[in-house]
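Visitor: next comes the sequence, and after it the predicted model I'd like to discuss.
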Amino acid sequence: MQATVSVKPHDWIRPYQIAPPVDIKKMAQDLGLTVYELSNMGTGMSGKLYQDRRSPAGFSIGVNAADSYTRKRFTIAHEIAHFMLHRDDILDGVLDDAFYRSEHLSGAQETEANKFAADILMPYHLLQAMAKRGIVDVDALAGKFGVSPQAMSIRLGIPLP
(Lines give C-alpha, C1' and ligand atoms only; values in the text may rest on other atoms or scores of the structure.)
Protein backbone atom coordinates (compact mmCIF):
# COMPACT_ATOMS: atom_id res chain seq x y z
CA MET A 1 0.00 0.00 0.00
CA GLN A 2 2.76 2.44 -0.82
CA ALA A 3 1.53 6.04 -0.92
CA THR A 4 1.38 7.58 -4.34
CA VAL A 5 1.56 11.22 -5.34
CA SER A 6 -2.15 11.25 -6.25
CA VAL A 7 -3.24 10.39 -2.69
CA LYS A 8 -3.36 13.22 -0.17
CA PRO A 9 -1.31 12.45 2.95
CA HIS A 10 -4.23 12.87 5.36
CA ASP A 11 -6.40 10.57 3.23
CA TRP A 12 -3.64 7.97 3.11
CA ILE A 13 -3.21 7.74 6.89
CA ARG A 14 -6.93 7.38 7.69
CA PRO A 15 -7.10 3.56 7.25
CA TYR A 16 -4.47 3.20 10.01
CA GLN A 17 -6.57 5.23 12.43
CA ILE A 18 -9.25 2.67 13.29
CA ALA A 19 -8.37 2.38 16.98
CA PRO A 20 -5.58 3.61 19.22
CA PRO A 21 -2.69 3.17 19.27
CA VAL A 22 -2.02 3.79 15.58
CA ASP A 23 0.39 1.16 14.23
CA ILE A 24 3.12 3.59 13.23
CA LYS A 25 5.65 0.90 12.30
CA LYS A 26 3.16 -0.73 9.92
CA MET A 27 2.49 2.67 8.38
CA ALA A 28 6.23 3.20 7.83
CA GLN A 29 6.57 -0.30 6.37
CA ASP A 30 3.64 0.26 3.99
CA LEU A 31 5.27 3.50 2.82
CA GLY A 32 8.40 1.49 2.02
CA LEU A 33 10.39 3.04 4.86
CA THR A 34 12.69 0.91 6.98
CA VAL A 35 12.87 1.90 10.66
CA TYR A 36 16.09 1.37 12.58
CA GLU A 37 16.85 1.95 16.24
CA LEU A 38 20.28 3.56 16.34
CA SER A 39 22.47 3.42 19.42
CA ASN A 40 25.01 5.90 18.04
CA MET A 41 22.77 8.96 17.63
CA GLY A 42 24.04 10.76 20.68
CA THR A 43 22.31 12.76 23.35
CA GLY A 44 19.90 15.37 22.10
CA MET A 45 19.16 13.67 18.79
CA SER A 46 15.78 12.01 18.33
CA GLY A 47 15.69 10.77 14.78
CA LYS A 48 16.54 11.15 11.17
CA LEU A 49 15.12 10.50 7.74
CA TYR A 50 17.79 9.64 5.25
CA GLN A 51 18.25 8.26 1.76
CA ASP A 52 18.78 4.51 1.79
CA ARG A 53 18.96 2.47 -1.42
CA ARG A 54 18.22 -0.73 0.53
CA SER A 55 14.81 0.54 1.61
CA PRO A 56 11.88 0.09 -0.83
CA ALA A 57 11.02 3.83 -0.75
CA GLY A 58 14.67 4.85 -1.01
CA PHE A 59 14.54 6.35 2.49
CA SER A 60 14.89 4.98 6.02
CA ILE A 61 14.11 6.33 9.46
CA GLY A 62 16.55 6.14 12.34
CA VAL A 63 15.36 6.66 15.90
CA ASN A 64 17.47 7.07 19.01
CA ALA A 65 17.53 3.65 20.71
CA ALA A 66 17.93 5.36 24.09
CA ASP A 67 14.63 7.25 23.79
CA SER A 68 11.42 6.12 25.47
CA TYR A 69 8.80 4.07 23.62
CA THR A 70 6.49 7.08 23.29
CA ARG A 71 9.32 9.31 22.08
CA LYS A 72 10.26 6.75 19.41
CA ARG A 73 6.63 6.58 18.23
CA PHE A 74 6.42 10.36 17.87
CA THR A 75 9.80 10.47 16.14
CA ILE A 76 8.72 7.85 13.60
CA ALA A 77 5.51 9.78 12.94
CA HIS A 78 7.49 13.02 12.62
CA GLU A 79 9.88 11.48 10.08
CA ILE A 80 6.95 9.93 8.16
CA ALA A 81 5.52 13.44 7.99
CA HIS A 82 8.78 14.74 6.51
CA PHE A 83 8.75 11.89 4.00
CA MET A 84 5.16 12.51 2.94
CA LEU A 85 5.28 16.31 2.96
CA HIS A 86 8.88 17.34 2.30
CA ARG A 87 10.72 14.51 0.57
CA ASP A 88 11.45 16.71 -2.47
CA ASP A 89 13.39 19.07 -0.16
CA ILE A 90 15.47 16.30 1.39
CA LEU A 91 18.84 15.79 -0.25
CA ASP A 92 21.28 14.35 2.27
CA GLY A 93 18.67 13.54 4.89
CA VAL A 94 17.08 15.29 7.83
CA LEU A 95 18.48 15.00 11.32
CA ASP A 96 16.06 16.16 14.01
CA ASP A 97 17.20 17.13 17.46
CA ALA A 98 15.29 16.54 20.69
CA PHE A 99 13.10 19.57 19.91
CA TYR A 100 12.37 18.31 16.36
CA ARG A 101 14.43 21.00 14.70
CA SER A 102 16.63 20.45 11.72
CA GLU A 103 19.26 22.67 10.20
CA HIS A 104 18.20 21.47 6.72
CA LEU A 105 14.49 22.36 6.86
CA SER A 106 12.68 25.55 7.77
CA GLY A 107 10.94 26.14 11.06
CA ALA A 108 7.65 26.10 9.16
CA GLN A 109 8.43 22.63 7.77
CA GLU A 110 9.32 21.35 11.24
CA THR A 111 6.09 22.78 12.67
CA GLU A 112 4.15 21.17 9.81
CA ALA A 113 5.84 17.81 10.51
CA ASN A 114 5.04 18.06 14.23
CA LYS A 115 1.39 18.84 13.53
CA PHE A 116 1.12 16.03 11.01
CA ALA A 117 2.77 13.61 13.46
CA ALA A 118 0.14 14.57 16.04
CA ASP A 119 -2.57 14.09 13.41
CA ILE A 120 -1.21 10.60 12.70
CA LEU A 121 -0.90 9.43 16.31
CA MET A 122 -3.78 11.29 17.96
CA PRO A 123 -6.51 11.80 15.35
CA TYR A 124 -9.38 13.93 16.55
CA HIS A 125 -12.04 11.37 15.57
CA LEU A 126 -10.47 8.80 17.91
CA LEU A 127 -10.06 11.37 20.70
CA GLN A 128 -13.74 12.27 20.35
CA ALA A 129 -14.69 8.58 20.50
CA MET A 130 -12.70 8.23 23.73
CA ALA A 131 -14.42 11.30 25.20
CA LYS A 132 -17.82 9.79 24.39
CA ARG A 133 -16.76 6.70 26.35
CA GLY A 134 -15.85 8.93 29.30
CA ILE A 135 -12.07 8.71 28.85
CA VAL A 136 -10.86 12.28 29.20
CA ASP A 137 -7.92 12.06 31.60
CA VAL A 138 -4.68 13.14 29.88
CA ASP A 139 -2.62 10.27 31.32
CA ALA A 140 -5.26 7.69 30.40
CA LEU A 141 -5.53 9.04 26.85
CA ALA A 142 -1.75 9.17 26.49
CA GLY A 143 -1.55 5.52 27.53
CA LYS A 144 -4.25 4.47 25.05
CA PHE A 145 -2.63 6.36 22.16
CA GLY A 146 0.97 5.42 22.99
CA VAL A 147 2.15 9.01 23.36
CA SER A 148 3.57 11.03 26.23
CA PRO A 149 1.26 12.97 28.54
CA GLN A 150 3.01 16.13 27.29
CA ALA A 151 2.19 15.32 23.65
CA MET A 152 -1.42 14.56 24.59
CA SER A 153 -1.72 17.80 26.57
CA ILE A 154 -0.45 19.79 23.60
CA ARG A 155 -2.85 17.96 21.27
CA LEU A 156 -5.78 18.74 23.58
CA GLY A 157 -4.73 22.38 23.92
CA ILE A 158 -3.96 22.09 27.61
CA PRO A 159 -1.13 24.43 28.63
CA LEU A 160 1.94 22.69 30.01
CA PRO A 161 3.09 23.76 33.48
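Guide: Sure, I can see it.

Visitor: buried set for the helix ranked longest in the chain?
Guide: Longest among the helix segments of the chain by residue count, using DSSP state H, is helix 69-86. For helix 69-86, burial by neighbour count (16 or more other Cβ atoms under 10 Å) applies to 70-84, 86. All C-beta atoms are positioned from the backbone trio N, CA, C, and that covers glycine.

Visitor: check stretch 29-36 too.
Guide: Result for stretch 29-36 [16+ other Cβ under 10 Å]: buried residues 29-33, 35.

Visitor: circling back: which among the buried residues of helix 69-86 gets closest to I135?
Guide: The nearest member of the buried residues of helix 69-86 to I135, counting by Cβ to Cβ, is T70 at 17.5 Å.

Visitor: look up the closest residue to the closest one, ignoring the ones flanking it.
Guide: S148 (4.5 Å; Cβ to Cβ, 6 or more residues apart in numbering).

Visitor: pairing partners for the helix or strand that contains V63, with directions?
Guide: Per DSSP states H and E, V63 falls inside strand 59-64. Its sheet considered, strand 59-64 pairs with strand 34-38 (parallel), strand 45-51 (antiparallel) by DSSP bridges.

Visitor: now the longest one: average pLDDT?
Guide: What it means is strand 45-51. Average pLDDT, strand 45-51: 86.

Visitor: can you start the count at 510 instead of 1 from here on
Guide: New numbering, starting at 510: the last item is strand 554-560.

Visitor: hey, which helix or strand in the chain has the poorest pLDDT?
Guide: strand 603-606 (a mean of 50; mean pLDDT, DSSP states H and E).

Visitor: can you give me the end-to-end span of stretch 542-552?
Guide: Criterion Cα to Cα, to the nearest Å; first-to-last residue distance in stretch 542-552 is 24 Å.

Visitor: where does the chain have low pLDDT?
Guide: 510-516, 597-616 (pLDDT under 70).

Visitor: again, only this time at 90
Guide: Scanning the chain for pLDDT under 90 picks out the ranges 510-522, 549-561, 567-568, 591, 593-623, 668-670.

Visitor: ranges for the helices of it?
Guide: For the chain, the helices defined by DSSP H cover 518-522, 533-539, 578-595, 616-630, 633-641, 647-654, 658-665.
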